[in-house]
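**Q** Please work out how this folds:
(2 chains)
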Protein chains: 2
Amino acid sequence: MKRPDILTVNTTAATPGPHPATARTLTLAEPDTPFAVVDVHRVLRNAERLARRAERLGVVLRPHVKTAKSLDVAALLRDPSGAPCPVTVSTLAEAEAFADGGHTDLTYAVGIAPHKLPRVLALLRRGVRLRVLLDSGAQAEAVAEAARGAGLAIPTQIEIDCDGHRGGLRPEDPALTDIGRVLHEAGCLDGVLAHAGESYFATTPEARRRAAEQERDAAVTAAERLRAAGLPVPVVSVGSTPTAHAAEDLGGVTELRAGNYVFFDLVMAGLGVCRVDDLALSVVVTVIGHRPELGRILTDGGWMAMSRDRGTARQAQDQGYGLVTDLDGRLLPGLVMTDASQEHGILTAREGTDLPELPLGTRLRILPNHACATAAQHRGYHVVDSSRTGTGAPEAVAYWPRVTGW
Amino acid sequence: MKRPDILTVNTTAATPGPHPATARTLTLAEPDTPFAVVDVHRVLRNAERLARRAERLGVVLRPHVKTAKSLDVAALLRDPSGAPCPVTVSTLAEAEAFADGGHTDLTYAVGIAPHKLPRVLALLRRGVRLRVLLDSGAQAEAVAEAARGAGLAIPTQIEIDCDGHRGGLRPEDPALTDIGRVLHEAGCLDGVLAHAGESYFATTPEARRRAAEQERDAAVTAAERLRAAGLPVPVVSVGSTPTAHAAEDLGGVTELRAGNYVFFDLVMAGLGVCRVDDLALSVVVTVIGHRPELGRILTDGGWMAMSRDRGTARQAQDQGYGLVTDLDGRLLPGLVMTDASQEHGILTAREGTDLPELPLGTRLRILPNHACATAAQHRGYHVVDSSRTGTGAPEAVAYWPRVTGW
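**A** Presented below is the predicted three-dimensional model:
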């Protein structure tokens, strides 16, 4: 993957948010805290790792942009031709923003509500190939009716349940071929899609390999059943960050989806999908108080800055609301953000560790449990590049806004 | 409290967000889901209840705007003169937005980081009385220095710890009078402030009364120690939603703070501070799928719409991610949002209850665990008035944006 010039891929620098990049270079010592930081060096490393895997496995990679919700981050994932990459989206607001940013191949991977179809049709009319997802006859009828009414095919994938996680049809469900036929007759059948949501709880490489195989098997079985019924199934889509990094054989699959991997987080590190030093998202906070008698340091970064996500609470190592680094990203061993109010963070030391001396005003970075949830608390990212060496606080080389809303 | 004309208090209708109020009246059946709804009738009832209490207890009420972050909601709380009410804020972004909206008496109730003082001074120079908070000599020195440098008093309150919840000095701390003196000599000593954060875990009225008394006692004791040292203490501020509704005697206290009470939530209902039918905030979602074999209904409202807050998990009755009502706000008994992905909600029935028939496309409202966290996931509120009777989906009489960022 060619290393892009960050400033040339900063497609949105003209519309900065509350902490805009200014003409001069900011450092992380300057913006008011709390704020979110993305390390572009780690994003590129994480992106390259999965891009190589997808290449080796012979599938198209379709990143899920729900984590970063950033055109600039997606620009780092572009294919060797330089064209905007195919993406997965979690909201129609993302679909519209990514279409505005030049992406023309999108999958909206949440079961379609019929009232959303006019927005889908509007994107299709613009020439954007937006695929929708469903798992019921009622949805298929609504899609077919809307497509006929508009005189436009709505590319539609059937969601296949591989692990009981959420929605989808089991691959053996008798309704599968009926739904496929309704879609096909309206010119809308585009493929099948499976997501191994339970793999977020798979704590060993072997368990994740099994989850990946189960995800592949469900999707391919469903595709074969549809094909056996004479229905075309061009796309067989699978993916989740844990299974995408574990799959050894994607025979029969055409594309791989993953979202979290661009940033990774402590939940993924706890599973062993990445290392802590792969985490590309952090939140800069300031020390605002000390309660040595209670073993606490207080910061101005509470759950509003981190989210309420406590995803590591059910892992072997509970990381509280996050691990703590200095402003350069070096871990402060044993220091954990163990509690949060709306605008207060509480840092404590693990047993056997002393609370470090961190005077009033010290800036720290908190590594989050769940990148998708923490990123969602912010309107954009100050971007640093940890491959650059320097003295003093890291430079923020860009400011990248996020897509918000629905 | 005079019932305001909602449209006249909608100070910001000119700058609507993603689901703007249009010239014609919308109903809750129209905007794309998920979206947040505020019932102005319940807000007014909740506001009146606490305003009456504060009047009876002989203290000024200073609502904390961190929950709604809305000038329009704050306008419902204005005092009988019609002047904007004194408010508590959790961020300087709120302070700036409320100052822009005409509020001139503000308390920023998070320990001050010295780097934020230039923004504080800028507000003071505009004639806004913005009070800051601190609990250390280092902060007091920074405030005194900034005040002297600017030739401007920075009204400052000393945070008093009443229950070990977070920050603050114990009222008997020897540092209290030293800090008071540093502030007084710079013309900055404004008062003391206590917050009974542990009262959110007080499950009986008696426990909340004790928490309120402890909060009052800590603040008044600290104020008396400062006064005994010859230091003036004009403001003695206490409050939290649970203690504000439990306090029976606020002798020695000058003002009461509370935030959550304007909306209330399932955590507060679980404690017994309010009833479920006092909850003024909800999120409208749409049914997008069914898994009858797993006892699930899927919606398009996940944790992005509700937040990751699971505050009732540690209460006697775990309410999952929220309780479910129909579009008119009538509870669907036994139905609970028990799980969430980013953009998927999973509804299940409690044991002994049947899953109701809710066809694809049905709109529901979810009552949240924690109003502050759920509201923070949205850019604004569609406003309904449940005191109006009508047929069909409730009308959205206004759209009120939120203040965001820091």
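**Q** Now do the contacts for the residue nearest to A:G270 when sequence neighbours are not counted.
**A** Nearest non-adjacent residue to A:G270, counting by C-beta to C-beta, 6 or more residues apart in numbering or on different chains: A:Q315, 4.1 Å away. C-beta: built from backbone N, CA, C; applies to glycine. By C-beta atoms under 8 Å, 6 or more residues apart in numbering or on different chains, the residues touching A:Q315 are A:203, A:267, A:270-271.
**Q** same check, this time on A:R402
**A** Residues in contact with A:R402 (C-beta under 8 Å, 6+ apart) are A:17, A:68-70, A:375-376, A:378-381.
**Q** And it, how close does it get to B:H378?
**A** Separation of A:R402 from B:H378 (C-beta to C-beta, to the nearest Å): 15 Å.
**Q** Residues of the stretch 51-200 of chain A that sit close to chain B?
**A** A:66, A:90-93, A:110-116, A:119, A:135-136, A:138-139, A:142, A:164, A:166-167, A:197 (C-beta under 8 Å from any C-beta of the partner chain).
**Q** Now the buried members of the residues you listed.
**A** Buried by 16 or more other C-beta atoms under 10 Å in any protein chain shown: A:66, A:90-93, A:110-116, A:119, A:135-136, A:139, A:142, A:166-167, A:197, out of those.
**Q** give me phi/psi at the residue in the stretch 301-406 of chain A positioned nearest to chain B?
**A** Residue nearest to chain B within the stretch 301-406 of chain A: A:R308 (3.9 Å; C-beta to the nearest C-beta). The phi/psi pair for A:R308 (degrees, to the nearest 10) reads phi -90, psi 10.
**Q** Now A:A93. Nearest residue, chain neighbours left out?
**A** In space, and not counting its chain neighbours, A:A93 is closest to A:G405: 4.8 Å by C-beta to C-beta, 6+ apart.
**Q** quick check: domain ranges of chain A?
**A** Domain assignment for chain A by automatic domain parsing gives A:6-40+A:269-401, A:41-262.
**Q** remind me which residues of the stretch 301-406 of chain A are low pLDDT?
**A** Within the stretch 301-406 of chain A, no stretch has pLDDT under 70.
**Q** Next to chain B, which bits of it? Give me the list.
**A** Those residues of the stretch 301-406 of chain A that sit near chain B, judged by C-beta under 8 Å from any C-beta, are A:303-305, A:307-310, A:341-344, A:346, A:359-361, A:370, A:372-373, A:376-377, A:379, A:404-406.
**Q** Pick out the shakiest of the domains of chain A, pLDDT-wise.
**A** With a mean of 90, domain A:6-40+A:269-401 has the lowest mean pLDDT of the domains of chain A.
**Q** Tell me who's in contact with A:S307.
**A** Counting by C-beta under 8 Å, 6+ apart, A:S307 touches A:368, A:370, A:373-374, A:376-377, B:307-308.
**Q** sorry, back to before: looking at the contacts of A:Q315, which is nearest chain B?
**A** Nearest member of these to chain B, counting by C-beta to the nearest C-beta, is A:V267, at 12.0 Å.
**Q** picking that back up, mind putting the contacts of A:Q315 into TSV with secondary structure and neighbour count?
**A** TSV is the format used below for the contacts of A:Q315 (DSSP: H, G, I helix; E, B strand; the rest coil; neighbours: other C-beta atoms under 10 Å in any protein chain shown):
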residue	secondary structure	neighbour count
A:T203	coil	14
A:V267	helix	28
A:G270	helix	20
A:L271	helix	23
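**Q** Let's verify the residue lying farthest from the centre of chain A: helix, strand, or coil?
**A** Going by C-alpha atoms, centre = their mean, the residue of chain A most distant from its centre is A:E293, 40.0 Å out. Using DSSP: H, G, I helix; E, B strand; the rest coil, the structure places A:E293 in helix.
**Q** Distance check, it against B:G167.
**A** The gap separating A:E293 from B:G167 is 12 Å, by C-beta to C-beta.
**Q** what do you get for A:G252?
**A** 58 Å.
**Q** Also A:E48?
**A** Using C-beta to C-beta, we find A:E48 at a distance of 43 Å from B:G167.
**Q** Mind naming the longest helix for chain A?
**A** For chain A, the helix with the greatest residue count under DSSP state H is helix A:205-228.
**Q** So which other helices or strands are in contact with it?
**A** Judged by 3 or more C-beta pairs under 8 Å, 6 or more residues apart in numbering or on different chains; DSSP states H and E, the packing partners of helix A:205-228 are strand A:156-160, helix A:175-185, strand A:189-194, strand A:235-238, helix A:241-244.
**Q** Next, the buried residues of it.
**A** By 16+ other C-beta under 10 Å, the buried positions in helix A:205-228 come out as A:207-216, A:218-223, A:225-226.
**Q** and if you look at stretch A:58-78?
**A** Using 16+ other C-beta under 10 Å as the test for burial, stretch A:58-78 gives A:59-78.
**Q** A:Y381 touches A:A36, doesn't it?
**A** Yes - here A:Y381 reaches A:A36: they are 5.0 Å apart, a contact under C-beta atoms under 8 Å.
**Q** Settle it for me: which of these two has more neighbours?
**A** When A:Y381 and A:A36 are compared for neighbours, A:Y381 comes out ahead with 30 against 26, by other C-beta atoms under 10 Å in any protein chain shown.
**Q** Please name the nearest non-neighbouring residue to that one.
**A** A:V38 (4.1 Å).
**Q** contacting residues for the one you found?
**A** For A:V38, the contact set (C-beta under 8 Å, 6+ apart) comprises A:68, A:73, A:263, A:280-281, A:381-384, A:400.
**Q** isn't A:P359 right up against B:Q139?
**A** No - checked against C-beta under 8 Å, the pair A:P359 and B:Q139 is beyond contact range at 11.1 Å.
**Q** Report how many residues lie close to the residue nearest to A:P401 when sequence neighbours are not counted.
**A** Excluding the flanking residues, the one nearest A:P401 by C-beta to C-beta, 6+ apart is A:G380, at 4.1 Å. A:G380 has 27 neighbours, counted by other C-beta under 10 Å.
**Q** Tell me what A:L331 is bridged to.
**A** Here A:L331 sits in beta bridges with A:T325, as judged by DSSP bridges.
**Q** Correct me if wrong, but A:A269 is in a helix.
**A** Yes - under three-state DSSP, A:A269 sits within a helix.
**Q** measure it to A:R257 for me?
**A** From A:A269 to A:R257 the distance is 21 Å (C-beta to C-beta).
**Q** Check A:Q157 too.
**A** Counting by C-beta to C-beta, the gap from A:Q157 to A:R257 is 11 Å.
**Q** next one: A:T107
**A** Distance, A:T107 to A:R257, using C-beta to C-beta: 8 Å.
**Q** Could you tell me which residues touch both of these two?
**A** With contacts defined as C-beta under 8 Å, 6+ apart, the residues adjacent to both A:T107 and A:R257 are A:62, A:88, A:193, A:237.
**Q** Which members of those residues are the farthest-apart pair?
**A** Greatest spatial distance among those (C-beta to C-beta): A:R62 and A:L193, at 10.1 Å.
**Q** shared neighbours of the two, anything?
**A** A:107, A:237, A:257.
**Q** Next, count neighbours for the residue nearest to the last one when sequence neighbours are not counted.
**A** This points to A:R257. Closest residue to A:R257 apart from its sequence neighbours, by C-beta to C-beta, 6+ apart: A:G239 at 3.4 Å. Applying other C-beta under 10 Å, we find 34 other residues in the vicinity of A:G239.
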